[in-house]
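Student: Need coordinates for the following:
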Amino acid sequence: MAPNEPIDDANLAQTTKSLGGMSAASRVSAGSRRFRGFDPATHGPTGMPIGTIRLMTVLILMMRIGSHYDGGALAALYGDDEERMENELDLSSSMQGLIVTVGYVGLVIGCIAAVVLIKRFPTKTLLMCSMVILAVGCLLFATASHLWMLMLGRVCVGLGQALQTVLYPVWADEFAPVKSASAYLAALQAGGPLGIVIGFLVTGFVQNNTDLSWRWTFYFQIFWLVPVFIIFALLVKAEYVDISPQKDKKAVEEMRARSTRAASTCAASEAASTAHDDEEDEEEDPEKERSWKALKVVATNGFIVSATLVLASLYFVVNGLQTWVVDYVGSNESNVDADENTVVGAFGFTAATGPVSGIVFGGWLLARLGGYRKFPSRTTFAGVIQGVLAVAFAYASLMVHTFGAFIGMIWMLLFFGGSMVPGLVGLYVSSVRRSYRAMASSFAGFIYNLLGYALGPLVGGVVADQFEREEEGSVWGFRVIIGFSAMSLILQLCIYLFCLKNKHLEPMSEDRPLFVDMDDADDMSLISPAPSEAGDRRKKGDPRE
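Tutor: Here you go, the predicted model:
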């Protein structure tokens with residue numbers, strides 16, 4: 001059936017017959033795309049025009065930038081020579097690290113809640129609520145006069161970021177054009193580093209060149225979010241961001257109705273009946289039982305857990321680095337030294353261009369390698385090479401003696417670390433069936449925010465407080481953070497070995513999960529080629545048969 005060919009009973013019957021050997025999940029995914037009849041050159045897989053997809057990508061990117069602004073703002077405030085925030089609120093190094101960590105605890109709680117909320121409420125409504133909660137958190141932080149207000153504000157910020165963390169990888173995987181999904185995923189992933197950089201630069205400039213209070217930088221974050229909220233409320237249709245599992249049920253109903261229409265022209269009744277039975281079985285299961293099953297499938301998927309732990313290791317280093325780098329460079333105990341304005345400007349440039357360039361490069365490289373969905377072994381091998389380079393530059397940054405060399409090593413670390421991210425995010429989202437992807441994204445967010453983003457600043461602060469001399473503590477806290485980068489390489493190598501073991505399954509199908517445990521499979525079609533593909537492979541003597 002041609003992409004723009006009108007749907008009639010004849011080609012509907014032919015398509016339905018070709019779907020007869022697939023599982024319900026595979027029929028829904030493949031059938032929904034074929035029946036729509038959209039030209040992939042002008043529309044995404046869900047039928048959204050390419051122009052609209054690009055505009056939505058920019059809008060989600062702007063939302064992510066505004067949501068992560070506070071991360072860079074706090075790093076700049078902690079590096080302030082006058083220590084205005086610390087002196088005003090009497091904060092120790094451990095307490096400063098804890099303030100950063102509490103935000104990610106809120107994010108973890110939000111990721112857990114997002115799995116349930118996405119099933120019950122429209123995604124657009126949840127996103128708008130998340131921006132309101134985030135703005136309230138910024139307001140609490142900006143007006144705080146007590147420690148509990150700082151903590152509560154950070155928790156609200158984390159809760160507001162949670163749904164966006166769950167949304168963007170699933171949205172890119174479902175809505176972006178198949179051939180350029182890696183590029184769209186990389187673009188959205190860049191929103192986090194960009195937000196941190198903008199927060200760092202704006203706050204550093206305000207602190208060093210004006211008499212404004214440190215509180216004004218968080219008012220700026222609110223000003224950024226307001227227009228994004230208004231555009232979402234007035235111009236974005238609900239279906240443009242819908243990632244709820246209920247879409248699968250609608251697709252099943254559409255398949256059943258159309259299959260019934262075609263029953264007179266071909267033997268499609270078996271396919272329609274099976275889809276109907278699968279839907280009834282799913283509806284008979286209590287929602288809580290389905291959620292627990294999804295969590296079990298995701299949490300016992302070694303591929304997802306390993307990819308998430310690699311991300312956690314990367315984010316541990318990146319967030320700890322950005323929180324304590326100014327203190328490290330300013331310490332007389334370190335090998336390098338520079339004035340604060342130079343550090344803020346140079347690190348701002350490094351943090352802006354390093355990870356973002358790495359993410360863009362990683363997305364481009366994935367496209368050149370054939371995509372993370374079809375060739376996971378190529379994707380993970382590239383990740384191993386990138387990990388080796390990232391770790392090498394990380395350790396080299398501790399050995400150089402000039403600020404220029406140091407900032408160069410940090411740039412390379414952020415570049416190669418960032419280039420690993422698109423492949424890891426794409427792989428953990430694609431490693432389960434479509435109805436489990438929101439759970440996979442939420443689970444990953446829970447792990448890498450708790451063990452990565454949250455622990456990095458806290459560990460650095462705790463280590464620093466173990467030394468009597470503050471400058472010596474800053475240096476050792478930074479060294480511990482950098483030293484942990486080797487863990488990401490070890491875990492990435494484990495993922496590559498797993499993919500290498502399953503390389504005989506490549507190229508993987510676009511419509512099925514990458515690797516599925518037998519306990520998760522409704523039938524063998526979830527872990528083996530569809531009948532038409534299998535027949536072709538037998539004719540060619542493919543070793544996968």
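Student: Now name the helix or strand holding the nearest residue to Leu126 once chain neighbours are set aside.
Tutor: With sequence-adjacent residues excluded and distances taken as Cβ to Cβ, 6 or more residues apart in numbering, Leu126 is closest to Leu163, at 5.3 Å. C-beta: built from backbone N, CA, C; applies to glycine. Using DSSP states H and E, the element containing Leu163 is helix 147-175.
Student: moving C-terminal of that helix, what's the next helix or strand?
Tutor: In the C-terminal direction, the helix or strand that comes right after helix 147-175 (DSSP H and E) is helix 181-189.
Student: what does that next one rub up against?
Tutor: Here helix 181-189 makes contact (Cβ atoms under 8 Å, 6 or more residues apart in numbering) with 53, 57, 60-61, 64, 168-169, 171-173, 176-177, 359-360, 362-364, 366-367, 371-373, 421-423, 425-426.
Student: Restricted to buried residues, select those in PyMOL.
Tutor: Buried members of the contacts of helix 181-189, defined by 16 or more other Cβ atoms under 10 Å, are picked up in PyMOL with:
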select buried, resi 53+57+60+61+64+168+169+171+172+173+176+177+359+360+362+363+366+367+371+372+373+421+422+423+425+426
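Student: what's the helix holding Leu163 packed up against?
Tutor: helix 50-78, helix 93-120, helix 123-142, helix 181-189, helix 403-430, helix 437-448 (3 or more Cβ pairs under 8 Å, 6 or more residues apart in numbering; DSSP states H and E).
Student: so which of the ones you listed gets nearest Glu470?
Tutor: Between Glu470 and those, the shortest separation by Cβ to Cβ is 7.4 Å, and it involves helix 93-120.
Student: now the closest one and helix 147-175, what's the angle there?
Tutor: In terms of direction (axes from the mean of the first three to the mean of the last three Cα atoms, to 10 degrees), helix 93-120 departs from helix 147-175 by 40 degrees.
Student: Pull out the buried positions in helix 93-120.
Tutor: Buried, per 16+ other Cβ under 10 Å, within helix 93-120: 93-111, 113-115, 117-118.
Student: How about the contacts made by the closest residue in space to Gly158 that isn't next to it in sequence?
Tutor: With sequence-adjacent residues excluded and distances taken as Cβ to Cβ, 6+ apart, Gly158 is closest to Gly106, at 2.6 Å. Going by Cβ under 8 Å, 6+ apart, Gly106 touches 154-159, 162.
Student: quick one: least confident helix or strand in the protein?
Tutor: In the chain, no helix or strand scores lower on mean pLDDT, DSSP states H and E than helix 24-36, which sits at a mean of 40.
Student: Of all the residues in stretch 463-483, which ones are buried?
Tutor: Neighbour counts using 16+ other Cβ under 10 Å place 463-465, 467, 472-482 of stretch 463-483 among the buried residues.
Student: Filter those down to the ones in strands?
Tutor: Judged by DSSP state E, strands contain none of the buried residues of stretch 463-483.
Student: Go through these and name the one nearest Ile230.
Tutor: Ile230 lies nearest to Ile481 out of the buried residues of stretch 463-483, by Cβ to Cβ, at 39.1 Å.
Student: What pLDDT is listed against Phe416?
Tutor: Looking at Phe416, its pLDDT stands at 93.
Student: Could you find the closest non-adjacent residue to it?
Tutor: Spatially, and ignoring its direct neighbours in sequence, Phe416 is nearest to Ala390 (3.9 Å; Cβ to Cβ, 6+ apart).
Student: Near that neighbour, how many residues? Count them for me, please.
Tutor: 27 (other Cβ atoms under 10 Å).
Student: and it, what does it touch?
Tutor: Neighbour list for Ala390: 412-413, 416-417, 420, 485, 488-489 [criterion: Cβ under 8 Å, 6+ apart].
Student: quick one: contacts for Leu451?
Tutor: Counting by Cβ under 8 Å, 6+ apart, Leu451 makes contact with 309, 312, 316.
Student: separation between the second one and Val105?
Tutor: Put plainly, it is Ala312. 14 Å (Cβ to Cβ, to the nearest Å).
Student: Likewise for Gly404?
Tutor: Distance, Gly404 to Val105, by Cβ to Cβ: 37 Å.
Student: can you list the weak-confidence ranges in the stretch 151-300 of the chain?
Tutor: 245-291 (pLDDT under 70).
Student: just to revisit the earlier point, just to be sure, the residue nearest to Phe416 is in a helix?
Tutor: Yes: counting by DSSP: H, G, I helix; E, B strand; the rest coil, Ala390 is part of a helix.
Student: Next, find the distance separating it from Ser397.
Tutor: 11 Å.
Student: where do the contact lists of the two overlap?
Tutor: In contact with both Ala390 and Ser397: Leu413, using Cβ under 8 Å, 6+ apart.
Student: Weed out the non-buried ones from the contacts of Gly106.
Tutor: Among the contacts of Gly106, those classed as buried by neighbour count (16+ other Cβ under 10 Å) are 154-159, 162.
Student: and the two most separated of those residues?
Tutor: For the buried ones among the contacts of Gly106, the maximum inter-member distance is 13.1 Å, found between Arg154 and Ala162 (Cβ to Cβ).
Student: hmm, back to that, residues in contact with the residue nearest to Leu126?
Tutor: Contacts here follow Cβ under 8 Å, 6+ apart; on that basis Leu163 touches 110, 114, 117-118, 126-127, 130.
Student: Which positions in the helix or strand containing Met85 come out as buried?
Tutor: Element membership for Met85 (DSSP H and E) is helix 84-89. Under the neighbour-count criterion of 16+ other Cβ under 10 Å, helix 84-89 has 85-86, 89 buried.
Student: swap in stretch 228-240?
Tutor: The neighbour-count criterion (16+ other Cβ under 10 Å) identifies 228-229, 232, 236, 240 as the buried residues of stretch 228-240.
Student: Same check on stretch 380-391?
Tutor: 380-384, 386-387, 389-391.
Student: so Val325 touches Ile410, yeah?
Tutor: Yes: between Val325 and Ile410 there is a contact under Cβ atoms under 8 Å: 7.4 Å.
Student: Understood, closing this out.
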